[in-house]
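**Student:** One predicted model, sequence on top.
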Amino acid sequence: MSYLLTLDSGWELLILLILAIIFLPPIILTVIGLVLRNKKPKTSKVLLILAVVYVIISFGYCGTLMLM
């Protein structure tokens, strides 16, 4: 496992890409949902719920599959 994280292994970009796929969409959805909170409360609520569901799925089932 420690070989995957050395600087010369070539896996850094793949690990960074997987982490970006896990973290960036919920952060973006949360920011957009909070910005739209006063203007469109129903849309804001849907975006915040989608962000939570995405986090649950990405850390749960899909996250477990990526570790195998």
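**Tutor:** Structure's in. What do you need? It should be emphasised that the depicted structure is a prediction, and the values quoted were computed from it without experimental measurement.

**Student:** Check which helix or strand residue 53 maps to.
**Tutor:** helix 41-59 (DSSP states H and E).

**Student:** tell me the mean pLDDT over that helix?
**Tutor:** Here helix 41-59 scores 92 as its mean pLDDT.

**Student:** Against which helices or strands is it packed?
**Tutor:** Packing partners of helix 41-59 (3 or more CB pairs under 8 Å, 6 or more residues apart in numbering; DSSP states H and E): helix 12-35. (Each C-beta comes from the backbone N, C-alpha and C, glycine too.)

**Student:** List the buried residues in the helix it packs on.
**Tutor:** 22, 26, 29, 30, 32, 33 (16 or more other CB atoms under 10 Å).

**Student:** residues in contact with the third one?
**Tutor:** Residue 29 sits next to 47, 48, 50, 51, 54 when contact means CB atoms under 8 Å, 6 or more residues apart in numbering.

**Student:** what's the distance between the first one and residue 12?
**Tutor:** For residue 47, the distance to residue 12 equals 32 Å [CB to CB, to the nearest Å].

**Student:** Backbone torsions only: list them for residue 38.
**Tutor:** Backbone torsions for residue 38, taken as degrees, to the nearest 10, come to phi -90, psi -30.

**Student:** ok, it - how many residues close by?
**Tutor:** Residue 38: 8 surrounding residues under other CB atoms under 10 Å.

**Student:** Going forward, count from 55.
**Tutor:** Renumbered: residue one is now 55, and that last one reads residue 92.
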